[in-house]
Every structure is written in C-alpha cells, then in structure tokens.
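*Asks:* Quick one: sequence plus predicted model below, questions after.
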Amino acid sequence: MSKSGFEITYKGPLVKDGSMDVRTLAPSLLSLGNLFETANAALNGDAASIQVNVHTTFETGSFIVSLDVVQSLYDKTAALFSGHDVKSATDLQAFIFGDQIVKGLLWLLKHFGGKPPSGTTINNQNFIFVSGDGNKVEVHPETVALAANPNVRRAVSDVVQPIKRGSVEEIEIREHDKVLESVTGEDVKALGPAPDTQTAGEVLTDEVSTAALQLTSPDWEKKKKWVWRFTIGSDRLKALVADEVFRYKVHQGEPFRENDVLIVELRTVTTLKPDGTLQIERIIQKVLDHRSAPEQMYLQPQEKSADDDGDDETD
C-alpha cells in the first residue's frame, strides 16, 4: 500500500467565514476522487485501486480540505512479476499537481492552453521535453499521457466547476504548506474537456431548453458512465448527465427506477461532420426536479360475506 496527502483550498467571498455550501463542496470532492481514479486506471490498469479520504480544517477567508490518497495493489505477486511498473499514490499526485522538481498535469494544461503537447523528446532524466507555441517545459512522460486522455481531461474539468459556477474564486493545492498548483477563473477554459477529434465539424445549433425526460435505463459502464437512456413520448434518446449535484445524490443512494421523470435543463448541440452527416449531442446540465414513477398497485378481490349477497341497492 502507498499513501500521499495534500490540501485543497477554496477561496472567495462565499467561503470567507470558513463555511462552504455542501452542494458545491461535495461534487467537487467527488470529482477530485474521480480524477485520481481515472489517472490510476490510465497508468496502472487493473493492477491497483485508489481511494481518496477527506479531513477538514479551517482558515480565515477560505475553506480547506485535507485529503489522503491511498493506493492498494490487487495482487502484489502478480504486479511484481508482470513487468508493469505500478505508479504509486505519490507518483499519481506528482503527475497531476507536480512536485519540487517538475510541473504536473494542471500546470501543463494551463501552459499550453488546454491543447495536447507537441514536439516531445526524451532527455537524460527520462522526462519528456515538451515544446509548443514557443514554450518549453520538462515534465514526466506520464503527465503527457494523462493530458492526452479524454477521461482524465473530463475529470479535471469537473474538479474546477466551483470556479466556473462562481461559487469560489480560486482553488489552491498545497503540500506541507507549499503551493503546488492554483487555479483561477482565467484557467478554467484551458482545463476544460479535451476536444473530440471524432466529432470535429461545424456546430450548427447549440441550444438549452427545459425538457421532461422519462428514464429508460442508466449505463454504469466505465466508458459510458452517466450516459443514460430516456424517452420523450415515443422518441428515444441518450443524454450525458453532467449535473454534479444530481450525481452526488445518486452516489448517496437517492432511489430511482425505470419510468422516473426528470425535469432538466437540456443542452442540444447539432454538428455537421466532415463527411456530411449530422451529429446530435445531448447534455443534461441541471436536474430541476426528479419525479418517481408511481408504484404498481395490485387490487385484491374482496371476499363476500353472507350479508353481501344480492344487490347493494335498497328500495
């Protein structure tokens, strides 16, 4: 087992009294845990699991959360003889936030405006020498791999959502009172999801509307997680559930089942692809209301008594 730790500090007027809205905090921390899980899966596959534990502390003008990253090997013997170099919790933290020697994923994405690094070479320390737009920086090769991973990039975007939504002004990552990384509103765009090259094309429409969707089934596969199936009348569709508050409620055990109705803010993007076909992408930005489907009622036949024989009507 390996273990590392760091602090994440949320700063801004809304947290100046040392308190923070749980509807903002909980999704952000879940996203941070998902970032480490995604990075661990990208670099270690099934060789190890990761867990992020939370402790809270307070400081005037900010809200501070201390986190421990704990990694466990599924099979130590298999990992030892597989030839696969399992990256530890400390390694993962360095790849994401950087350390005293090199910069991490967040800095790299900010440095290159969210674009994947180009012109990479290997130097004597086995780090990747990255050049692009006239800028050069030395990072771990694993950090570059994470920057090119769409799932990791999506997780990074989720972590900085409190800034995007205006709940906080700055997020700061510290280790032993040393600032490893900080993110402000100017950095949010660069830390957004990676562009999908398979769906490149001209965006024809990008609209947000209020819609009532009836749940057919959620999808829990890792690659498609939170892409759920719905119906609107006789029409069937898929939509990405991007509302972090609703996701948190689901993680906390909010019950839902087939035929439940969600009233949502639905973003619909229509793109003309290079081959001339149209692609429609649907994203649930916010769940406004969750209405449970009515439970099936079974009417049991009533036994008749002797007094019930004959008509009920009286003269």
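*Replies:* The structure has been received and is ready for your questions.

*Asks:* Mean pLDDT per helix and strand in the chain: which one sits at the bottom?
*Replies:* When each helix and strand of the chain is scored by mean pLDDT, DSSP states H and E, helix 76-81 comes last, with a mean of 45.

*Asks:* so how far is the next helix or strand after it from its chain's centroid?
*Replies:* As assigned by DSSP states H and E, the chain's next helix or strand after helix 76-81 is helix 89-97. Its chain's C-alpha centre and that of helix 89-97 lie 18 Å apart, by C-alpha atoms, centre = their mean, to the nearest Å.

*Asks:* Look up the pLDDT of Asp289 for me, please.
*Replies:* With respect to pLDDT, Asp289 has a value of 91.

*Asks:* Tell me, how many residues neighbour the closest residue in space to Glu170 that isn't next to it in sequence?
*Replies:* Once flanking residues are discounted, Glu170 sits nearest to Lys11: 4.3 Å by C-beta to C-beta, 6 or more residues apart in numbering. For glycine as for every other residue, the C-beta is placed from the backbone atoms N, C-alpha and C. Using other C-beta atoms under 10 Å, Lys11 has 20 other residues around it.

*Asks:* tell me which element Thr38 is part of?
*Replies:* For Thr38, the enclosing helix or strand under DSSP H and E is helix 22-44.

*Asks:* Tell me if I'm right that Leu14 and Ser167 touch.
*Replies:* Yes. Contact criterion C-beta atoms under 8 Å: Leu14 and Ser167 qualify, at 5.9 Å.

*Asks:* any residues in contact with both of these two?
*Replies:* Listed contacts common to Leu14 and Ser167 are Asp21; contacts here mean C-beta atoms under 8 Å, 6 or more residues apart in numbering.

*Asks:* Report the mean per-residue pLDDT for stretch 171-182.
*Replies:* 89.

*Asks:* gap between the two ends of it?
*Replies:* End-to-end distance for stretch 171-182: 6 Å, by C-alpha to C-alpha, to the nearest Å.

*Asks:* Run the chain-centre distance for that stretch.
*Replies:* 21 Å.

*Asks:* List of residues touching it?
*Replies:* Residues from elsewhere that reach stretch 171-182 (C-beta under 8 Å, 6+ apart): 5-11, 93, 97-100, 104, 106-107, 159-160, 162-163, 170, 183.

*Asks:* which of these count as buried?
*Replies:* 5-11, 93, 97-99, 104, 106-107, 159-160, 162-163, 170, 183 (16 or more other C-beta atoms under 10 Å).

*Asks:* List the neighbouring strands of the helix or strand that contains Thr268 plus their orientation.
*Replies:* Remark: Thr268 resides in strand 261-272, with elements defined by DSSP H and E. Strand pairing for strand 261-272, determined by DSSP bridges: strand 202-217 (antiparallel), strand 278-291 (antiparallel).

*Asks:* do you know which of these lies nearest Val139?
*Replies:* Closest approach to Val139 among the strands paired with strand 261-272 is made by strand 278-291 (31.3 Å; C-beta to C-beta).

*Asks:* Show me which residues of that closest one are buried.
*Replies:* Per 16+ other C-beta under 10 Å, strand 278-291 contains these buried residues: 281-284, 286-287, 290.

*Asks:* could you check the distance from the nearest residue to Ser2 once chain neighbours are set aside over to Trp107?
*Replies:* Of all residues not flanking Ser2 in the chain, Ser88 sits nearest, at 3.8 Å (C-beta to C-beta, 6+ apart). Distance, Ser88 to Trp107, using C-beta to C-beta, to the nearest Å: 21 Å.

*Asks:* Also Arg291?
*Replies:* Distance from Arg291 to Trp107, by C-beta to C-beta: 44 Å.

*Asks:* now Phe97
*Replies:* 8 Å.

*Asks:* now do Arg236
*Replies:* 43 Å.

*Asks:* Please enumerate the helices of the stretch 51-200 of the chain.
*Replies:* Under the criterion DSSP state H, counting those that start in this stretch, helices of the stretch 51-200 of the chain are mapped to 76-81, 89-97, 105-111, 141-147, 150-159, 161-164.
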